[in-house]
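>>> give me the fold of what follows.
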Amino acid sequence: MTLPEPRILHFTRWLARERGLQFDPTNHEGYDALWRWSVSDLPAFWSALWDYFELQSPTPYRAVLDEEVMPGARWFDGAQLNYAQQVFRHADAAHAAGHPAIVFQNEAMAERGELQHIAWPQLRQQVASLAAALRGMGVQPGDRVAAILPTTPQAAIAFLAVASVGAVWSVCSPDMGPVAVLDRFRQIEPKVLIACDGYRYAGVVHDRLPLLHRLLGELPSVRDVVLWRQLSSTAGHGDALRWHDFTQLTADTHALLTPTWLPFEHPLWVVYSSGTTGLPKPIVHGHGGVMLEALKLMQLHNDIGPSIETGDRFHWYSSTGWIMWNCQMSGLLGGTTICLFDGSPGGRQGAPDWATLWRFAGASGATFFGAGAAFYASCLKAGVAPTRVADLSRLRAVGSTGSPLAAECYRWAWEQLPKVDGRDIWLTSISGGTDFAGGFIAGLRTLPVTEGEMQCRCLGAAVQAWSEPDGNGRGHPLIDEVGELVCTKPMPSMPLYFWNDPGGRRYHDSYFDMYPGVWRHGDWLRITPRGGAIIYGRSDATINRHGIRMGTSELYRAVEALPEVLDSLVVDLEYLGRESYMPLFVVLREGLTLDDALSQRLKAAIREALSARHVPNEIFQVQAIPRTLSGKKMELPVKKLLLGQPAEKVLNADAMANADSVAWFAQFAQRRSHA
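Numbering: from 1, shown residues only. Have a look, this model is predicted:
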């Protein structure tokens, strides 16, 4: 296939013509100069993106950035935007050129060889109809609308309708347990809940009406329920809430879409990234910051252009509970066709089939295919040969995120996926996160790819690897050494705030406690001498299972609710070059022994409260959990110990309430190192 010109070259030519700036991003030195300009002159860079992407506002902005501080930076004060308005700017031209807005398939459709194509006018009409219905329910700008939906067009329609009226969106995947959902939605007090009655995964149908009724009993703020009957359920509702049918609410063909103009920093959505203590962090992002970051990452780094110009079709496999679903939606911002798949990437239970997504990529005509790193590792192990099962002639790029991608997965992709213009397919591995809805490290089509290494730091992201803080709380930049991933300057998509966080204390403690005024992300990073980057895993105690991050406190609540369990500790041993491994350690009541029956009950409790993704690899009985003098579980020190660091370096006996508990974990670490 003939490749379109890289978008980054189009952008640098625009910079030369409109700003008089000369950069050559076709080599490491030239890109480094472009990156350094983008992080040294923030107002110039972000205003250039505003103009390059031709963002529309009925009022001018007074300043790009009021003050270069974190937290608390204010961006584009005075401007007004709306995410949905930006999406539908492209509708007429894309439709006239024959490009759909969405291509969709689920498991049942895949078995029948069917695809659903949703045209831009159809998407706009359904969004307009649902938006009008939400207004009729009394939904106003700033109200929260929560959803429990799978990765289907209905979720996209609901999100865009909520955004268009200025309400605040928040979604959980229907496979999440009641504890995990309630821990999230209770914090934001939604006015409306949009939910499905069930879903299908790996060939198994899951009825979620019992879950829905339980949730509604504990979400007193909900006044209206919009039910999408995916399973054609006819069950009664049995309560005083106002219930509505999703299909009926999206059927008004006369409704007109009139997105509400909103301040640049008006809340768009609440997403959740858990720390190690307390409830999940309800992170609020704004319309403008998300739009700028998404357009930059999507077009300049992922090289995905408007379908009318490039014919691009963008797929990134994700559940709605992962920030990559939001990334998938952002393809619409630039007028790109998005390809959605709902179901298991690995086939039915008892009949694994890791070629499923590759067949969908071929059938949908995807030009960019993205998934979590664990997916590619599974394909490698299963011996999948994608070109034998699907026509991937339109595919020109493959993306990976969620966890470090091992070098052998790069080699597998280059061996098994089609060549593009006679070269290995472009493999772009990115790293960023839910926390700021964007990328810190990504790819660039004009730079060479080195296996096991991400290509570059993202434009506008002042990312460095830092040493441990000194006495003044400062680190120093490291090159070719592993350090803490930090961002030293603000970005527009960083959180506006955490919901219900008076004074911003929890927000501050989440990112700025180690290095005052500098964002610490919680990853181990090495910047290579040529400007590439390698992520080694989490440097904190957050669980990162298959790209879905979860706080340990949520798992502890599920485990310690069992009467047999007195205490527990879990660590996620994710590190580059090693297979992810998550053990759970439990202290049981006196006289009890961990047997298979109790292990299964523990796993079932975690699966029910959280999700199947967060079930530990193994469970071990211990006499005591290492704790500090103040009683805190020593998760990170134990994690470092199990990753191979010496006990005397990571565990200070004088700061522990039970130093004798360390011996068992040290012996366990030694056994694992020889396994």
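
>>> mind checking which helix or strand of the chain has the lowest mean pLDDT?
The least trusted helix or strand in the chain, going by mean pLDDT, DSSP states H and E, turns out to be strand 548-550, with a mean of 67.

>>> moving C-terminal of it, what's the next helix or strand?
Helices and strands here follow DSSP states H and E; after strand 548-550, the next one along the chain is helix 552-560.

>>> just the C-alpha atoms of that next one, please, in CSV.
This file holds the C-alpha atoms of helix 552-560, laid out as CSV (Å, rounded to 0.1, in the frame of the first residue of the first chain):
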residue,chain,number,x,y,z
THR,A,552,-4.8,-2.4,46.4
SER,A,553,-7.3,-1.1,49.0
GLU,A,554,-10.2,-2.3,46.8
LEU,A,555,-8.8,-5.8,46.8
TYR,A,556,-8.2,-5.7,50.5
ARG,A,557,-11.8,-4.8,51.2
ALA,A,558,-12.9,-7.9,49.2
VAL,A,559,-10.4,-10.3,50.8
GLU,A,560,-10.6,-9.1,54.4
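
>>> next SSE downstream of that helix?
Later in the chain than helix 552-560, the nearest helix or strand by DSSP H and E is strand 565-570.

>>> buried sites along that following strand?
By 16 or more other CB atoms under 10 Å, the buried positions in strand 565-570 come out as 565, 567-570. Placement of C-beta: from N, CA and C, glycine included.

>>> can you check which strand is longest in the chain?
strand 519-527 (DSSP state E).

>>> which elements pack onto that one?
strand 463-466, strand 482-487, helix 505-511, strand 533-538 (3 or more CB pairs under 8 Å, 6 or more residues apart in numbering; DSSP states H and E).

>>> want to throw the ones you listed into TSV with mean neighbour count, distance to residue 189 and mean pLDDT?
Listed next are the helices and strands packed on strand 519-527 as TSV, based on neighbours: other CB atoms under 10 Å; distance: least, CB to CB, whole Å; pLDDT from 0 to 100:
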stretch	mean neighbour count	distance to residue 189	mean pLDDT
strand 463-466	22	35	97
strand 482-487	22	31	93
helix 505-511	17	17	93
strand 533-538	22	31	82
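
>>> CSV for those, including distance to residue 394?
Formatted as CSV, the helices and strands packed on strand 519-527 follow (distance: least, CB to CB, whole Å):
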stretch, distance to residue 394
strand 463-466, 33
strand 482-487, 35
helix 505-511, 40
strand 533-538, 29
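
>>> still on that earlier bit, min pLDDT across the buried residues of strand 565-570, which one?
Lowest pLDDT among the buried residues of strand 565-570: residue 567, with 87.

>>> quick check: closest non-adjacent residue to it.
With sequence-adjacent residues excluded and distances taken as CB to CB, 6 or more residues apart in numbering, residue 567 is closest to residue 587, at 4.0 Å.

>>> next, the angle strand 482-487 makes with the longest strand of the chain.
Calculated by axes from the mean of the first three to the mean of the last three CA atoms, to 10 degrees, strand 519-527 forms an angle of 130 degrees with strand 482-487.

>>> residues contacting residue 145?
Shown in contact with residue 145 (CB atoms under 8 Å, 6 or more residues apart in numbering): 134, 139, 158, 162, 167-170, 190-194.

>>> and for residue 165?
By CB under 8 Å, 6+ apart, residue 165 lies in contact with 131, 134-135, 139-141, 259-260.

>>> if you rank those by neighbours, which is first?
Highest neighbour count within the contacts of residue 165, by other CB atoms under 10 Å: residue 131, with 29 neighbours.

>>> contacting residues around that residue?
161-162, 164-165, 255, 257.

>>> likewise residue 324?
Contacts for residue 324 (CB under 8 Å, 6+ apart) come out as 316-318, 370, 372, 401-402, 547.

>>> those residues in strands, which ones?
Reading strands off these with DSSP E, I get 316, 370, 372, 401.

>>> got the contact list for the longest strand of the chain?
Counting by CB under 8 Å, 6+ apart, residues outside strand 519-527 touching it are 70, 431, 433, 435, 440-441, 457, 463-465, 478-488, 494, 511-514, 533-540, 542, 575.

>>> who touches the helix or strand hosting residue 243?
Assigned by DSSP H and E, residue 243 belongs to strand 242-245. Identification of contacts with strand 242-245 by CB under 8 Å, 6+ apart yields 133, 137, 223-227, 229, 237.

>>> name the residue most distant from the centre of the protein?
The C-alpha centroid of the chain is most remote from residue 591, which lies 43.3 Å away (CA atoms, centre = their mean).

>>> make sure I have this right: that residue is in a helix.
No. Counting by DSSP: H, G, I helix; E, B strand; the rest coil, residue 591 is not part of a helix but coil.
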